[in-house]
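Undergrad: build me a structure from this.
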Amino acid sequence: MKHSSPVPHELRFAVLAADAVMFTVFDGRLHVRLIPVHLPPYFSHLAGIPGGLLAPTETADQAAVRHATTKGGVLHEHLYLEQLYTFSAINRDPRNRVVAVAYLGLVPWEVLTKTAERDTAAATWVRIDKLPKLAYDHREIIRVGLERLRSRVTYTTIIKQLMPKEFTLTDLEVMYETVLGQDIDKRNFRKKVLKTGVLQVLPRERTGEQHRPAKLYRFLNRDIEPIAII
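TA: Alright, predicted model coming up:
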């Protein structure tokens, strides 16, 4: 019986994966969601971002949602996802030729379930300035995701996907500074953001803190709008 010859390495076809780099903010720091990696040759590596191969019957978008929810533990209805970049370096996965469609994910801390908030054996939130050794090219994916996020907050209202439903202008300022990793001109910021018309002032104030009561606001809608605030 004749056996077919093995397919030359250079003729093997790539498989497609979807990865989700998910950010949230708490304790005044930007965090990314990481999961353990249990596949060779990365048994000694601590973590990677949620992701995996596409099923034959799903799109890349559907696979990203599936991996973000089942592996990352973040409920779909609380998660904003947008396609980030396609990573196709030849040897990015030493086991096989894998092309990854990466997604940028954002989730407000206040909507996370108690399980999703905690560090568990299945998933953790890690400060972006305290990343452990990562598998594959996931450090690069996180870097590209952070660059995209920081760029997008300067000319759109994407930051609303990290904010709680109700917030003060100080809360919003702090969120911009946390994401951008730098201080902003607070007086100029307040003038600009109130002129855009994207916020609605609420008929109540935040009280019970050291300072005087502060007005509460919310975004008028959840759509991402092209407005330059910074």
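
Undergrad: using PDB, write out every CA atom in stretch 116-127.
TA: Output of stretch 116-127 as PDB, limited to C-alpha atoms (Å, rounded to 0.1, in the frame of the first residue of the first chain):
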ATOM      1  CA  ALA A 116     -14.800  38.300  36.600                       C
ATOM      2  CA  GLU A 117     -13.400  40.800  39.200                       C
ATOM      3  CA  ARG A 118     -11.400  38.300  41.100                       C
ATOM      4  CA  ASP A 119      -8.100  36.700  40.200                       C
ATOM      5  CA  THR A 120      -8.800  33.000  39.800                       C
ATOM      6  CA  ALA A 121      -6.900  30.000  38.300                       C
ATOM      7  CA  ALA A 122      -8.800  30.600  35.100                       C
ATOM      8  CA  ALA A 123      -8.200  34.300  34.500                       C
ATOM      9  CA  THR A 124      -6.700  37.400  36.100                       C
ATOM     10  CA  TRP A 125      -6.600  41.200  35.600                       C
ATOM     11  CA  VAL A 126      -3.000  42.400  35.500                       C
ATOM     12  CA  ARG A 127      -1.700  46.000  35.400                       C
END
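
Undergrad: could you list the buried residues of it?
TA: Using 16 or more other Cβ atoms under 10 Å as the test for burial, stretch 116-127 gives 116, 123, 124, 125, 126. The C-beta positions use only the backbone N, C-alpha and C, and glycine is treated the same way.

Undergrad: and of the residues you listed, the nearest to residue 159?
TA: Each of the buried residues of stretch 116-127 was checked against residue 159 using Cβ to Cβ; the closest is residue 125, at 18.4 Å.

Undergrad: among the buried residues of stretch 116-127, find the lowest-pLDDT one for me.
TA: Scanning these for pLDDT, the low point is residue 116. It has 76.

Undergrad: so where does it fall, helix or strand?
TA: helix 114-117 (DSSP states H and E).

Undergrad: spell out which residues make up each domain of the chain.
TA: 9-145, 158-219 (automatic domain parsing).

Undergrad: coming back round to it: list of residues touching the helix holding residue 116?
TA: Here helix 114-117 makes contact (Cβ atoms under 8 Å, 6 or more residues apart in numbering) with 73, 74, 75, 109, 123, 125.

Undergrad: show me what the helix or strand that it is followed by is packed against.
TA: Note on helix 114-117: by DSSP H and E, the next helix or strand toward the C-terminus is strand 124-127. For strand 124-127, the elements it packs on are strand 29-34, judged by 3 or more Cβ pairs under 8 Å, 6 or more residues apart in numbering; DSSP states H and E.
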